[in-house]
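**Q** A predicted structure for the sequence below; I have some questions about it.
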2 protein chains.
Amino acid sequence: MKKEKIVLGIDIGGTNTKIGFVSKNGKVYFENHFSTESKKPFENFISKLTLEIQNLTYKSDNQFELIGIGIGAPNANFYSGQMEYPPNFKWGDFVPIVQRVKQVYNVPIRFTNDANAAAVGQLLYGIGHSMKNFVVLTLGTGLGSGIIINGRLLVGEHGVAGEIGHINVNPNGRMCNCGLQGCLETYASVTGIRRTVFELISEMKEDSSLKNVSFNEMTGETIANAAIDGDKIAEKAFEFTGEILGTKIADVVAVLDPEAIILTGGLVKAGKILLDPIKTHMEKNLFSAYKGKIKILTSKMTSSDAVIGAASMVWNNQQDKFN
Amino acid sequence: MKKEKIVLGIDIGGTNTKIGFVSKNGKVYFENHFSTESKKPFENFISKLTLEIQNLTYKSDNQFELIGIGIGAPNANFYSGQMEYPPNFKWGDFVPIVQRVKQVYNVPIRFTNDANAAAVGQLLYGIGHSMKNFVVLTLGTGLGSGIIINGRLLVGEHGVAGEIGHINVNPNGRMCNCGLQGCLETYASVTGIRRTVFELISEMKEDSSLKNVSFNEMTGETIANAAIDGDKIAEKAFEFTGEILGTKIADVVAVLDPEAIILTGGLVKAGKILLDPIKTHMEKNLFSAYKGKIKILTSKMTSSDAVIGAASMVWNNQQDKFN
């Protein structure tokens, strides 16, 4: 009997790494996850990864034919196959992920950052399914982005296109982990809105339930719930975040002319209180040729989405040099 | 004898329209130009255009086989074949250029704005020749842009990608002809730097030869010559322009990851006094993954370049629906 073709999806995160077999139609089989241990040596990770893949293969009882591996990772370079200067990993400045995985599994490997993988996942299996030109923004701890043009991932000349989180909002603005100042992700992300809440607490005199919560304890959900309860500081934080993000989305539109911007990640759970100001301020700042034409859409991320997104890179047959 | 294949290039400008036959290797034959008369009815233009093309054909003594027409025009929509809301033309809100030309010459027609045409021209015959990913910025009366990705013009979902002149520098900034406020072209263009000079004259106390020149008489060359002579206001105007443009180029890089930014148009004649601050401020604002990797190049525009650029759209075989 002919075996079903399958792609292994690997999503390397700062805390956990997820793996799973993904079929051509986006179904996940035998998913698993393990602690990345990003502060331990890289070889420790490779050993664990290899073992976990073996376990997965064992569980699948040899029913699949592995045709490729898709890997999503922070600071991934599509062309070099390396994580480059990952700030939250103690694996060195250049981490040869693709090379090391290839030593164990000699199949075609696609490698990109998690937001790019999410964009390809949306293209193949998500709300980007019927579209050819769109941008995915992941509003989580940071702001990641993946850009689809004519149904293909925009990779860029050096393999690192789509760092929309690092376009500048204000040259005198907030310090960013990347070393620049005033980057969009210091405002439009879960971390960004927490910083905004703390700025507003320092400026405003209104009472707020958020004054009882420490910075490290404050989540996007805490702020969203406060805003829904009519908390003035929380409301203003969402208005401010939406204004900045909407304005900068208008700039991205003036470069790319996409059909839609797809928002995903933790902050999107806030819903209307975030989306309304984004839409208002994007529309207000759009150049006339784009007005009324650009959709703002949202997509819920399931825990499997990162693995599906990584694997979708192979199913979408992205060109690379690791074949 | 077999006739040489030729493309007719048409560059419609607010003042003059240029036409010429362009060969596959970018050589121009029988160029001509005539007054656009953009304030007279559109049919007047079409009659003149048709007549001028007939003259050109007559002059060429029937030696060519016309295989297509490339047209560059302000506010051109690649897909609709119309100029849409052209502010400096009294030809209506939607001007069906392609449809009307097609009635006379039933060959494939490519239609786009002049900056996009310039980008394709650079790709085929200019310094973009050896590159696959770059952005052309034309710094003239306004700031036009054309984006090449993987060796193809970025057209966008609605046919109007590449309006980098209308990304936002400052929400409380200068009023733009487009109706928005603080657009990049109100700073980084010949008109923009003139506005900067007038702002600086109002603020600074230094003597300056520019205080003897009216706004309408001041050209980019006037300001450049003053700067070369050590005029403080002119020097500061170039520094300010270069800082804003360099910073915004860094944002564009964070979206596209290009190999180079190619600057062209009148303001580029200023040379080093403009380019140095652009390079400095771009580099300073680049996200780490791009630092040291992005080239700033310049290209002189000859009077034939617009016609070649328009024709190059056909030679580059851009997809459209007018075949």
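**A** Thanks, I have the structure now. Nothing here was measured: the structure is a model prediction, and the numbers come from that model.
**Q** in the stretch 201-323 of chain A, what residue is nearest chain B?
**A** Residue nearest to chain B within the stretch 201-323 of chain A: residue A:257 (2.6 Å; Cβ to the nearest Cβ). The way it works is simple: take the backbone N, C-alpha and C, and place the C-beta from them, glycine included.
**Q** and the stretch 151-300 of chain A, which residues reach chain B?
**A** By Cβ under 8 Å from any Cβ of the partner chain, the residues of the stretch 151-300 of chain A that approach chain B are A:154-164, A:166-168, A:171, A:178-180, A:247, A:250-252, A:254-259, A:285, A:287-290, A:293.
**Q** hang on, the earlier thing: what's near enough to touch the residue of the stretch 201-323 of chain A closest to chain B?
**A** Contact analysis of residue A:257 by Cβ atoms under 8 Å, 6 or more residues apart in numbering or on different chains lists A:133, A:289-290, B:154-163.
**Q** cool, residue A:213 as well?
**A** residue A:222.
**Q** if we take the contacts of residue A:257, which one ends up nearest to residue B:300?
**A** Nearest to residue B:300 among the contacts of residue A:257 is residue B:162, at 21.2 Å by Cβ to Cβ.
**Q** quick one, strands of chain A?
**A** A:4-12, A:16-22, A:28-35, A:64-72, A:83-84, A:94-95, A:109-112, A:134-139, A:143-149, A:152-153, A:260-264, A:295-298 (DSSP state E).
**Q** what comes into contact with the second one?
**A** Spelled out, it's strand A:16-22. With contacts defined as Cβ under 8 Å, 6+ apart, strand A:16-22 is touched by A:6-11, A:28-36, A:45, A:49, A:52-53, A:56, A:60, A:64, A:70, A:303-304, A:306-308, A:311-312, A:315.
**Q** domain map for chain A?
**A** Listed by automatic domain parsing, the domain ranges of chain A are A:4-120+A:304-315, A:131-298.
**Q** so how many other residues sit close to the residue of the stretch 101-250 of chain A found nearest chain B?
**A** Using Cβ to the nearest Cβ, the single residue of the stretch 101-250 of chain A nearest to chain B is residue A:156, 2.6 Å away. Under the neighbour criterion other Cβ atoms under 10 Å in any protein chain shown, residue A:156 is assigned a count of 25.
**Q** now do the nearest residue to it once chain neighbours are set aside against residue B:147, distance only.
**A** Nearest residue to residue A:156, sequence neighbours excluded (Cβ to Cβ, 6 or more residues apart in numbering or on different chains): residue B:257, at 2.6 Å. Distance of residue B:257 to residue B:147, given as Cβ to Cβ, to the nearest Å: 12 Å.
**Q** next: residue A:111.
**A** 25 Å.
**Q** and residue A:245, by the same measure?
**A** On the measure of Cβ to Cβ, residue A:245 and residue B:147 end up 23 Å apart.
**Q** what is the longest helix of chain A by residue count?
**A** helix A:232-256 (DSSP state H).
**Q** quick one on the thing from earlier: compare the domains of chain A and say which comes out lowest on pLDDT.
**A** Ranked by mean pLDDT, the domains of chain A bottom out at domain A:4-120+A:304-315, with a mean of 92.
**Q** quick one: end-to-end distance for that one.
**A** End-to-end distance of domain A:4-120+A:304-315: 14 Å, with Cα to Cα, to the nearest Å as the criterion.
**Q** my guess is residue A:170 meets residue A:180, correct?
**A** No - contact criterion Cβ atoms under 8 Å: residue A:170 and residue A:180 do not qualify, at 11.2 Å.
**Q** these two - which one has more neighbours?
**A** Neighbours per residue (other Cβ under 10 Å) separate residue A:170 from residue A:180, with residue A:180 holding more: 22 against 14.
**Q** how close does that one get to residue B:245?
**A** With the distance defined as Cβ to Cβ, residue A:180 ends up 18 Å from residue B:245.
**Q** picking that back up, ramachandran coordinates for the residue of the stretch 101-250 of chain A closest to chain B?
**A** phi 90, psi 160 (degrees, to the nearest 10).
**Q** isn't it up against residue B:256?
**A** Yes - the pair residue A:156 and residue B:256 qualifies as a contact (Cβ under 8 Å) at a distance of 6.4 Å.
**Q** what's the closest non-adjacent residue to residue A:239?
**A** Nearest non-adjacent residue to residue A:239 (Cβ to Cβ, 6+ apart): residue A:277, at 5.1 Å.
**Q** which residues does that neighbour contact?
**A** A:238-239, A:241-243, A:246 are the contacts of residue A:277 under Cβ under 8 Å, 6+ apart.
**Q** measure it to residue A:250 for me?
**A** Taking Cβ to Cβ, one finds residue A:277 at 13 Å from residue A:250.
**Q** again with residue A:211
**A** Computed as Cβ to Cβ, the residue A:211 to residue A:250 distance reads 34 Å.
**Q** doesn't residue A:86 make contact with residue A:39?
**A** No - Residue A:39 lies out of contact with residue A:86 (Cβ under 8 Å); the separation is 11.7 Å.
**Q** higher neighbour count, those two?
**A** residue A:86 (20 against 11).
**Q** so what's that one closest to, chain neighbours aside?
**A** In space, residue A:86 is closest to residue A:75, 4.3 Å off (Cβ to Cβ, 6+ apart).
**Q** ok, the one you found - how many residues close by?
**A** Per other Cβ under 10 Å, the neighbour tally for residue A:75 reads 19.
**Q** that one contacts residue A:92, correct?
**A** No - using Cβ under 8 Å, residue A:75 is not in contact with residue A:92, being 11.7 Å away.
**Q** quick check, central residue of chain A?
**A** With distances taken as Cα atoms, centre = their mean, the residue of chain A nearest its centroid is residue A:115 (3.2 Å).
**Q** OK, contacts around that residue?
**A** A:136-138, A:144-146, A:162.
**Q** now these: which count as buried?
**A** A:136-138, A:144-146, A:162 (16 or more other Cβ atoms under 10 Å in any protein chain shown).
**Q** quick check: the farthest pair among those residues?
**A** The most widely separated members of the buried ones among the contacts of residue A:115, counting by Cβ to Cβ, are A:138 and A:162 (10.7 Å).
**Q** mutual contacts of the two, please.
**A** A:115, A:145-146.
**Q** and which of those residues is nearest to residue B:220?
**A** Of the shared contacts of residue A:138 and residue A:162, the one sitting nearest to residue B:220 (Cβ to Cβ) turns out to be residue A:145, at 35.5 Å.
**Q** ok, what's across the strand from the residue lying closest to residue A:279 once chain neighbours are set aside?
**A** Counting by Cβ to Cβ, 6+ apart, residue A:279 lies nearest to residue A:296, which is 5.3 Å off, once chain neighbours are set aside. According to DSSP bridges, the residues that bridge with residue A:296 are residue A:261.
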